[in-house]
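Coordinates only, no sequence provided:
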Ligand SMILES: [Zn+2]
């Protein structure tokens, strides 16, 4: 039993979202160092503003300016900031009710230590030097000695060049572990052998093995070497070149039932003109130096397999 | 309402790492255990519903791979929620209420070990105003804890006592990840210390639901679901009153919690401070045995820990240790969404 394999896995994507009219005004306002709230039917000012009333679901559109100073309503000291959090040095997470607002905004507070932070303390916005229309246009909050400045005034939410969407990069780092069955499969591949697993109940051999028989719902345990030769059960002709793939089109991508396997795997067919590939074609893997998988499969020259021999695997 | 019961429950041992197991390899033993307990075969099950999140382990469509463990081919009637399995159980309960099926298999699993769960959970937050700041799950819980302390609802010593009681209770739970004395530790995000936070780990759980006489045939003492409801609060943390949980109270009211006292409560409170909020919302006093399993502070396989609360409460009824138990599950930051169920043994069954 080989050791369980593991490899770094990075999942990274730009989270792209369009904004509604209230969100657009709020985030554009931040770019212009203006904080906007939205007024509910019962006269509350929500900051950050939302498009619909969280209680009544009524559409909200009446914007109003609020102050850039406010009061901490709760806080938590973060001694070890994590990647992508607002500050790289220890800081306090805070909910801040800006002067003129009735609800609180989540952000970071730059303070020397937890003893310098308390609920009810006065803070003000520290603006980011470069602002794009995002919540991160507020770099953080900082302690502030003054009273409320009462900048609460109606605002039409109109700005030149409004922000209509946001792109938030997101990256999560994982250590991928394929588990028992796939580790064994990958381990065999490194010796240029293809090893599936047999279901103890229905005796089907799955390649690549996923650890369970999807028909019987039991663990597959017995390892079975299959192939290396196999039969093309079905195929398609690829006419569009994939990005970062150095293969000339058209080429054939096929389902191949390796001898001894009860499930077809898929791979590219080479060594034969694309328009001569057919169902029943007998093929064998071609390994390249250092490759972790067969690079492609090529014809063996044997007579084609009878349809009856592979029809169950289609 | 159609009488429906939890008739079997199984869970894995919850551990920090399961590198040697894929998700389906981790899950399969608990599926087999609930089937064996009832004598059902996978093909006897009317409906299958699962809960999991691909973000945890970073594997797209991991729930389709997990379905291999059920024996899902030829195709079965199944569904999936990208939520804790407690909500999969709710969907299965609704399916049984429709009368279309008499039995359901519900399972959920979570492998937090491949990633950084504190960071992963930030991706469930409001993507406009909150997500870009990457506030991690401990930070958000700590803001709630501070609000509770400021309001005089608790203090750090009381929180430490909740941690201690939970891990002591888990001494009898062979599946728990943290048992016995656990030091309060350093602040992770002040005021929460390591002892106030759940362990990070991997695990899975499964239950079988059955209706009426089918349930009685499958289980000597079914855990009847007398009521179940789930409710959600506003998305924005700054709109919510973090020291209260009106959604839990409403769900509990609708589930019938307050009609008669419960003897047991399994609360899904991953952080000590959240137990304080839930006890208030559920009006629990010292007569109620809270989290005899140790709760999520003893084992918190994300996406399964809520279903495990329902399973643990049911198992107490199966064993005759409880007559009427409350089970609670939560989802989202600071107890944003809450599910409450009332389970009863046969003798307590009054129509
Ligand atoms: Zn099988």
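In hand now; what should we look at? Just so it is clear, the structure is predicted and the values come from calculations on it, not from any experiment. Residues are numbered from 1 along each chain as shown, chains lettered A, B, ... in the order given.

For the residue in chain B that the ion sits nearest to, list the residues it contacts.
Going by CB to the ion, the ion is nearest to residue B:71 of chain B, at 7.9 Å. Every C-beta, even on glycine, is put in place using the N, C-alpha and C of the backbone. Neighbouring residues of residue B:71 by CB atoms under 8 Å, 6 or more residues apart in numbering or on different chains: A:213, A:214, A:215, A:216, A:217, A:218, B:42, B:43.

Any chance of a PyMOL selection covering the buried ones in the residues you listed?
The command below creates a PyMOL selection of those among those that count as buried (16 or more other CB atoms under 10 Å in any protein chain shown):
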select buried, (chain A and resi 213+214+215+216+217+218) or (chain B and resi 42)
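
returning to what we had before: quick one: pLDDT of the residue of chain B closest to the ion?
Looking at residue B:71, its pLDDT is 89.

Show me the chain divided up by domain.
Using chain A. Domain assignment of chain A by automatic domain parsing yields the ranges A:15-171, A:181-226, A:228-314.

hm, I was asking about chain B
B:4-115+B:199-218, B:117-196+B:223-345.

out of the ones you listed, which comes closest to residue A:111?
Residue A:111 lies closest to domain B:117-196+B:223-345 among those, at 12.1 Å (CB to CB).

gap between that closest one and the chain center?
9 Å (CA atoms, centre = their mean, to the nearest Å).

follow-up on the earlier one: just the contacts of residue B:71 that are near the ion?
A:213, A:215, A:216 (CB under 5 Å from the ion).

hang on, the second one packs against residue A:204?
Yes. Checked against CB atoms under 8 Å, the pair residue A:215 and residue A:204 is within contact range at 7.2 Å.

tell me the phi and psi of residue B:286?
In terms of degrees, to the nearest 10, the main-chain angles of residue B:286 are phi -70, psi -10.

Go through chain B and flag its longest helix.
In chain B, taking DSSP state H as the definition, the longest helix is helix B:23-38.

That one: which residues count as buried?
B:23-35, B:37-38.

State the pLDDT value of the residue of chain A positioned farthest from its centre.
Ranked by distance from the centre of chain A (CA atoms, centre = their mean), the top residue is residue A:303, with 46.4 Å. Residue A:303 is assigned 96 on the pLDDT scale.

try residue B:347
Here the pLDDT value assigned to residue B:347 is 68.

who's in contact with residue A:104?
Contacts of residue A:104 by CB under 8 Å, 6+ apart are A:47, A:73, A:74, A:95, A:96, A:97, B:237, B:238.

Between those residues, which sits nearest the ion?
Distances from the ion to those, taken by CB to the ion, are shortest for residue B:237, at 48.5 Å.

Three-state assignment for the residue lying closest to the closest one once chain neighbours are set aside, please.
Take residue B:237 and drop its neighbours on the chain: the residue closest to it by CB to CB, 6 or more residues apart in numbering or on different chains is residue A:106, 5.8 Å away. Secondary structure state of residue A:106, per DSSP: H, G, I helix; E, B strand; the rest coil, is strand.

can you give me the offset of stretch B:206-218 from its chain's centre?
On CA atoms, centre = their mean, the centre of stretch B:206-218 falls 20 Å from that of its chain.

Show me the helices in the stretch 51-200 of chain B, by range?
B:54-57, B:62-66, B:85-97, B:117-120, B:137-150, B:156-169 (DSSP state H, counting those that start in this stretch).

Pipe the ones you listed into JSON lines and attach mean pLDDT and distance to residue A:85 per row.
JSON lines is the format used below for the helices of the stretch 51-200 of chain B (pLDDT from 0 to 100; distance: least, CB to CB, whole Å):
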{"stretch": "helix B:54-57", "mean pLDDT": "92", "distance to residue A:85": "18"}
{"stretch": "helix B:62-66", "mean pLDDT": "88", "distance to residue A:85": "28"}
{"stretch": "helix B:85-97", "mean pLDDT": "98", "distance to residue A:85": "30"}
{"stretch": "helix B:117-120", "mean pLDDT": "96", "distance to residue A:85": "10"}
{"stretch": "helix B:137-150", "mean pLDDT": "98", "distance to residue A:85": "8"}
{"stretch": "helix B:156-169", "mean pLDDT": "98", "distance to residue A:85": "24"}
